[in-house]
Each structure stands twice: as C-alpha cells, then as structure tokens.
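S.K.: predicted model and sequence follow; I will ask about them next.
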Amino acid sequence: MACEQCSGATGLACEGCGAMLPARAIDRFAALGLPRRFAVDAAEFETKFRELSKRLHPDRFVRAAPADRARAAQATATLNEAYRTLRDESARAEYLVTLETGSLDGNQPVAAAFLHEILELREELDEAAAAGDHARVAALGQAMTVRRDASLGVLRAQLAVWDGASDPAALAEARGELVALRYYRRYLEACAGYEEGAA
Amino acid sequence: MSLMQIGEPGESRAKEACAGRAVGIDLGTTHSLVATVEDGVRPLVLGDARGRALLPSVVHYRAGGGVLVGDEARRLAAEFPTDTIASAKRLVGRGSDEVRAASTLMPYDLDLTDSKVVRFRVAGGTRRVTPIEVSAEILRVLRERAEERLGGPLDGVVITVPAYFDDAQRQATRDAGRLAGLEVLRLLNEPTAAALAYGLDKGAQGKFAVYDLGGGTFDVSILELTGGVFQVRATGGDTALGGDDFDRAIAEVVLRELAGGVDATHDAGQVRRVLDAARTAREALTSDDVAELRIERTEGAPYVRTLDRTELEALIRPIVERTRSTCRRALADAGMTARDLDGVILVGGATRTPLVRAFVAELFGRSPLADIDPDQVVALGAAVQADLLAGSRRRDDVLLLDVVPLSLGLEMMGGVVEKLIHRNSGVPCGAEQEFTTYADQQTGFDLHVVQGERDTVANCRSLARFVLRGLPVGPAGMAKAKITFLVDADGILCVTAREETTGIEAAIEVKPSYGLTDDEVEQMLIDSYAHAEEDKAARLLLTERVEADGIIAATRAAMAQDPALLDDATRSALELALAALAVRIGGLDHRAIHEAVEALDRAAQPFAERRMNRSMDAAMAGRSITELEEIL
Amino acid sequence: MAITITERAAKEIRRQAEKRGTPEAALRVGIRGGGCTGFAYLFEWAEGAARAHDHVIEHGDVRVFVDPKSLVYLDGTALDFVTNVMGHGFKFENPNAKGACGCGESIQF
C-alpha cells in the first residue's frame, strides 16, 4: 500500500516521508520493512526497529487527537510483536515457514519412533527430578541442549536454501525440524523449571 | 499580562512563550518527591517552602477533620498510630485477603470486610479511606508544591511505579492521580526512570542493570541504551520486599526483648515507636559501626540497646538474598550474563545499606554506580520523561521502550492459563486468540483474565471476569469469539471480545477484581469537586501573590534607585499603596490582591513616567542606544 | 473586523522604527501556537511588504499586518503602549481573550 502523504513505500511508516501508515493486516517481515528471508543482519534489524519506534511510539503522539493516539498504539503493538517474533532465531524460522506453508499445528506428521524416544527421555528427567538428582537433571539438560543446537544447525541450512532460491521444498523439510525443535524446547523448559525449583 | 516588546522577524516563532508545566512524581513507599525540567536541560527536585525535597509518604487524618501530610503527619504517628498511615503503597491495589495474609506488624485499624479493597479506619474511627485516597493526598501536596514553584496549574504528570507492579496496582495508582486532580500522562517504571536520569546525565551507552530496592518494593531491570533509545530488555521484582522489611526484622527482635523474650501482642503505638527506632538505627549503621536503639516505656526506665553492623547484617541478609534469583532470572530473560553488562545502577534508599552494595557488587561482579542520589534519581528521570512527553521542547532524539512485567492470559477449561502476552514483551503490545463454544446451545462465554507466570489460575492474579452474551444458538463449535488484548504504554490492559458470526462485541478496560470500580472513583471525584471551587480560589490566590510580590520588589527597587524623582505626595501615596498591598497579600481574597496591585500601579504612575522621561533625557545627553536600553 | 492602535502605541512604534534604522518598517501581529494555554501573540517587525491575504491596519504612517486567521482572534483588539513600575511595553487589550497565563505571553480563548 502506498503512503497517503507522499505515495512512498510500504510498512508501518512511510520510508519516504516517515508518515504513519494506516494500521492493517501486514505480515511481521513487512512490519519491519524486511524481505521474507530467514537470514537477518542483527545490527541492521535493531536499527530498523529503533527508527520505526521513534516514528510510531505513542510517546510521540501524547498531544495528538485520540484517533491518532490509538493508531500509534496499534502500530507500535504490531511493530513490537514483529520485533519479538523475528528477533529470536527459532521463532523467526517457525514464523517464516508458517507464513509460507501454513500452520504446523495438527497437520504435521511426527514419526512414532521420535515421539517414543522423547517420551522416554521425559520419564528419565521426571524420575531424576523426583529423586532430587540435580546432577542427572543437569546432564540430561546438557545432552538436550547439544541435540537442540544440532537441530538448529540443520534448520539454518534448510532455510539458507530458501533464502537463496525461494525453493518451497526447503520449507517442507524445515517443517519437520521445527516440530522436533518444539519438543526439545519444552524438554529444556522442564529442565529449567526443575533447576529453578531446586535453587 | 506582562508587557511586550517588538521582536525581529521570526523571533517569536523560535522561542516558546513558556515551558509546559509537566512534572515527574516519585510516589514512594516511605517518601515521595516531585521534580521538573525547569530550564529545558537538567531535571531538578522541587523542595517545599522550607527547602525539603523528600515528602514522607505519611498521611494523618485528624479526629476532628483535616488531613496532614509529610513530616507533620509522621510526628503524629506514634501518638495516633491508627490515624496516621505510612507505607500505603504496600496496600494499594491489593485485596483484603492478600493483606490479611501479609499484615504482620501493620499498626493500623484495617477494615477488611470488603474483599475487593482494603480500608483504613482513621480520624478517630470516623472515616474509612482506601490506600488510593491516601496516595491521592500525597499527590495533592506535591501538586500544590509544584504549582507554587512553577506559578500555575500543571499540564500533566508522569508518576512512577515499581516495574513489577501488576495491572491492579497500576490502575490504583492512576486512580490516585485522577483523585488528586492530575492529568497522568504516563505511568513510568521506576528503574526505567532511573536509567533515563543516568543515561541523559552521563551520556551512557550499552547494557545496564538497575537494582532498585526501595522502602517497600524491589525491582530489577536490564536495559540497553543505544542512540537515545532506552530499551528495557527484561524486568523482575517483588512488590512486597524493601527497606521496611529490614526495619521489621529489627523491630521483631526488639519487641520480643521488650516482652521479656516471648512473642506477645503490642499496641499499635508501641509498634510504631519501635519501627521508627529501628529505621533510625538502620540508617545510622550506613556510616557508623554501632547504633543505639532507645524506646520510651509507659512505666519504668526506657529500653536501651545497641545494635552493631554485624548483628544488623545477620538480620537482613536473608531478605537481601531474596533478590538474587530475581536478578538472575531477569538476566536470563534478557539473554545476557552479568559479564555482558556495562554497569549496574543503584536506586532506592535501602541501597545505601553497605550490605546491599556488597551483595550487588558480588552478584553482578562489578561495583555499582550510585553517583546520582538514589533517593532522587527516580523523580529526576520521571521529570525528564514528563518533559519529553509534554515539555517545552520536543525531543525526538530520546525514546523509552518499556515492557510488561508479568504475563497476561485467560483461564481455559480445567483452570489452566493460556498466556496471550508474555512477560517482557515491549509495550504497547497486543494479542488475539479465537475460541469456540464447547457445549451445544451455549449462549455466552465466561472470560477470566489473569496475570502471572504460573500455569494454573489458582497461582495467578485474577484481574477481571466478564461475559460475552447473546451468541447464536447452535451446536458446540459453531460460535467463535475473538479475544483481543491490548496493553497500552502505561502497562494497563484492555480486553475486547467479539463474536465473529454476529459481530456482538464486549469491551472492557480491565478493572481489576481488587480495587475500586469506575463508579467508586467517580463518586470520589464528585466528592472532591466540592473542594474544586476552593482549589481554584487557592490557585488564583497563588498567582496573584506571586505577581504582587514581583511588583512590590520592583517598586521598592525603583524607589531606592531614584529617590530624587519622588515627590512627597507620590512617595506617601506609594507607601500607602504598598502597605495596603502587603496587608492584602496576607489575606485569602485574590480579587482584593488584584485591586491592590492595580492601585499601586496607579499610585506609581507619575513616578514611572518621571523615570522614563529621565531616561529619555539621558538619551538626549548623548548616551548610546545600548546604554539607554539598559536604563529602560 | 478591525484592530485599533492607540496614539501612544503608534508614537512608540514610529520611534522604535526610526531607532532601528527602518522608518518604513511595518509590524506583524498575530496569534501563533505555543505557550502554556496553546496560543501566544506574535509581535515583531514585518519582513518586507504585506503578503497577499494580510489585513493591513494603518494609523498615520504606522502600518500593522495581520494574517486573516489571526484576525479572527484579534478582532476588536486595541494595541496600547503603557508604562508602569515593571517597565514599559506594548499591551494587547483583546476582548476575545478569556484569560492569560502566568507567563503573560499566552492567551486563552
């Protein structure tokens, strides 16, 4: 959508004249003025967020008309949501894949062997925690962290293919990796929960 | 109005006629302050007529009517313990059940019959006031102080709150501001305010932790300062932990000793006296190694005991230790370790305690910064934010990006919480969730909004319950409701629910289950309107007095400078008018002062004209225009 | 719609114009945003000639330019020059103004 003021570029604020654009459904990459790519330059990402915040934040509209204040709040909420999602690598990967290929919930098959393995690891963790075996809990967490990092490496490679050629096949593979990562994340959260409870 | 001079082209546009009168208020547990950015550059704390910057957050309700705030109220605390409320902030936005569970050593006469809101029985038991009203009295005094110093009504205020204040406590603080007749521009988190004061003062860049231990609350925030943007990365805290707890730990020991080594109940006045003595001793131990505690007794010799620093530290160490895990979690939430930090900032009077400083240094692995007075730094930062929001000069180069301290969610089937907004999300922020009916012929949705980190409703704070009615009747799963959460820049939540097929909508600004309803606040406001005329008269009086003082000074200066230009008649007329004005200034009638000012103006007319003519003559005598301007 | 200029004010404007070395200069008077009530007087020497839509008030050889928007708020105003103990200066007697603020340069309508 073009800017009302100067018919410049898109996003939450016009890149040409800085005017706030009407709040509407835009994806989170567009909200930050980024292409739909997995690779993000961290410094540039933060700078973009700060620049947009300076234009859109409600603090800039304290004395403005109520409608403009509401728009500023809405636009900043959209911006903050986009920032939160895209700043974190796994969240960004999941968002990109979901955006291009649909939700992971309920329609991504998971291998029975994988589920079985995770279930066993969970039982082991619960037993260690119940027995107060902090060393064992820590060791299990450490092992899972290694596994998670390896999975993230695979995911990065898959998404690099997408970034290079917009190849949907790369995203289909990434879906499987993302689901696995969900299980790893929940497992690590449980570890952290036990460790915090013990501390 | 003042007289105008002709400007050069474009000059009037360049200068602002006068600064917006926006102030920052630190509404603290033990004391409160007001600050402003007066000259457009540096913030400064506004003292009272006697130059005192800190206003003790103590309110005394006299049995015969009338309210005293500050030192005057504090002096009456031991004599009238139940009529004198200190630390109301600990109870603001809290329900009776919570207070009942936590009310150890609170020397008040609490009315806990209303489960939603706590009330103090005061004024000899004749009045019942909520913590919100008590806070409003403190804010009112600070408002008057600021109006007096700045010479007119305030355009708006920024009030600080602990970062970890929940929705109910924020709402309550905003209500207190409204009751005090203030336009609350923003609720600002205390650690963020402190960082703003430091960041602008020192031009700092990088990652900082703010460790804020006040009288009744503890906060820790991790911030990143880059190019004028103050971005809060994570925050954590405990709204029931502070220097007051140090005093309580000491007082418990003393009270036991007073009772001969056993636990006993003590009257409220005794508890107040012991708490005061404990605080005095604790503060003395900041610089001294030994302090003396002295308590007068109704019979027998006074109780006297020494307290040394080692004993104090043994008593308070467990309390200080409680901040450790909170700091660790905040760092983890920010994705940092202590090593990533560029500095640690200390805020709050309790951080003067040597043990606290040592603890912070050990925890973060570096000595903390405390070069801005930890009692003042929050108010100074609030003043900066007020100036940014409503001050004379808009500053586009500085921006604060804050976060929600606690996750917000909805109750699901089985008492499980579904989080819609996660803690440490930047504000403003929003989230949407869709729900479908779970039973056939279901006609409404019960929505229960909760706040907290735990997975079960029982362990979270209940914020509000509301119902979306009038759903289209049909089988389970047919009707769909979209629930939208929006948290504004003050960290306050607004929830809307919309049934998708019919468009039925229900919107509420979440009024917490614990607190006052809108109607109750409205009623309090109406009651306070009874005083609005008085307030307005007081303001006009203030303005006239300031102007009259200026005119008296100018007249006296002119008379001293040019006695030769005064004939006897004019002199006596002037003296008479000055005397009349002096009398009127002491009075309460602003119109009378105004008339006396005008009378003085008339009496001074011949003298003023002679002075002007003399200046003209001087110009004729070959003086330069610059000199002439100076004389005029 | 009109603004009046008192004899005293006209005399002073002429005097100051001469002192400034621009005896022909006109004054620009108006209302601008700013000050604590949101409006303040604009009171300065005009730059060059009157603009297309300016309202021009003449009192002898003294000329005052007012832009049409400001005129709405200034209608009926008398521009005076007064001397009192606080000093001397110009004063707007504006029947439209409901009040002035503490700083004296803002007006309320």
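M.R.: Perfect, I can see it now.
S.K.: if you count neighbours, what's buried in stretch B:545-559?
M.R.: Using 16 or more other CB atoms under 10 Å in any protein chain shown as the test for burial, stretch B:545-559 gives B:545, B:547-548, B:551-552, B:555, B:558-559. Backbone N, C-alpha and C define where each C-beta goes, glycine included.
S.K.: I should have written stretch A:45-63 there, sorry.
M.R.: A:45-46, A:48-62.
S.K.: what does stretch C:72-91 give?
M.R.: For stretch C:72-91, burial by neighbour count (16+ other CB under 10 Å) applies to C:73-74, C:77, C:79-91.
S.K.: try stretch B:296-311
M.R.: B:307, B:309.
S.K.: centre of the chain versus that stretch, how much separation?
M.R.: The chain centre lies 35 Å from the centre of stretch B:296-311; the measure is CA atoms, centre = their mean, to the nearest Å.
S.K.: what of stretch C:45-55?
M.R.: 13 Å.
S.K.: does that stretch reach chain B?
M.R.: Yes: using CB under 8 Å from any CB of the partner chain, stretch C:45-55 reaches chain B at C:45-47.
S.K.: now secondary structure, distance to C:P95 and neighbour count too, for those, in JSON lines please.
M.R.: Output for the residues of stretch C:45-55 next to chain B, formatted as JSON lines (DSSP: H, G, I helix; E, B strand; the rest coil; distance: CB to CB, whole Å; neighbours: other CB atoms under 10 Å in any protein chain shown):
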{"residue": "C:W45", "secondary structure": "strand", "distance to C:P95": "26", "neighbour count": "19"}
{"residue": "C:A46", "secondary structure": "coil", "distance to C:P95": "24", "neighbour count": "18"}
{"residue": "C:E47", "secondary structure": "coil", "distance to C:P95": "29", "neighbour count": "13"}
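S.K.: assign the most centrally placed residue in chain C to helix, strand or coil.
M.R.: Centroid-nearest residue in chain C: C:V29, 4.1 Å away (criterion: CA atoms, centre = their mean). For C:V29, the assignment made with DSSP: H, G, I helix; E, B strand; the rest coil gives strand.
S.K.: surely it and C:L79 touch.
M.R.: Yes: the pair C:V29 / C:L79 is scored as a contact, 7.1 Å apart, by CB atoms under 8 Å.
S.K.: report the set of residues contacting both of those two.
M.R.: Residues touching both C:V29 and C:L79 (CB atoms under 8 Å, 6 or more residues apart in numbering or on different chains) are C:3, C:64.
S.K.: pLDDT at C:M1, what is it?
M.R.: Listed pLDDT for C:M1 reads 59.
S.K.: re the thing from before, so which of the buried residues of stretch C:72-91 sit within strands?
M.R.: In this view, these that belong to strands under DSSP state E are C:79-84, C:87-91.
S.K.: now, which of those sits nearest chain B?
M.R.: Chain B lies nearest to C:G89 out of those, by CB to the nearest CB, at 2.7 Å.
S.K.: identify the residue nearest that closest one in space, chain neighbours excluded?
M.R.: B:L3 (2.7 Å; CB to CB, 6 or more residues apart in numbering or on different chains).
S.K.: repeat that for B:V229.
M.R.: A:R50 is the one closest to B:V229 (CB to CB, 6+ apart), at 4.7 Å.
S.K.: the one you found belongs to a helix?
M.R.: Yes: assessed with three-state DSSP, A:R50 lies in a helix.
S.K.: which one in the buried residues of stretch C:72-91 is the model shakiest on?
M.R.: Where pLDDT dips furthest among the buried residues of stretch C:72-91: C:M86, at 61.
S.K.: within the helices and strands, which one has B:Q605?
M.R.: helix B:590-620 (DSSP states H and E).
S.K.: returning to what we had before: quick one: pLDDT of the residue nearest to C:G89?
M.R.: Value listed for B:L3 in the pLDDT field: 72.
S.K.: before we move on, back to that, contact partners for the residue nearest to the centre of chain C?
M.R.: Contacts of C:V29 (CB under 8 Å, 6+ apart): C:3, C:41-43, C:64-66, C:70, C:74, C:79.
S.K.: widest-spaced pair of those residues?
M.R.: C:Y41 and C:F65 (13.9 Å; CB to CB).
S.K.: quick one: which of the two has more around it?
M.R.: C:Y41 (27 against 19; other CB atoms under 10 Å in any protein chain shown).
S.K.: that one belongs to a strand, doesn't it?
M.R.: Yes: judged by three-state DSSP, C:Y41 forms part of a strand.
S.K.: neighbours around the closest residue to it other than its chain neighbours, how many?
M.R.: Closest residue in space to C:Y41, ignoring its immediate chain neighbours: C:F92 at 6.1 Å, by CB to CB, 6+ apart. Per other CB under 10 Å, the neighbour tally for C:F92 reads 18.
S.K.: ditto for B:A386
M.R.: Counted with other CB under 10 Å, B:A386 comes out at 29.
S.K.: got it, and A:V40?
M.R.: Neighbour number of A:V40 under other CB under 10 Å is 18.
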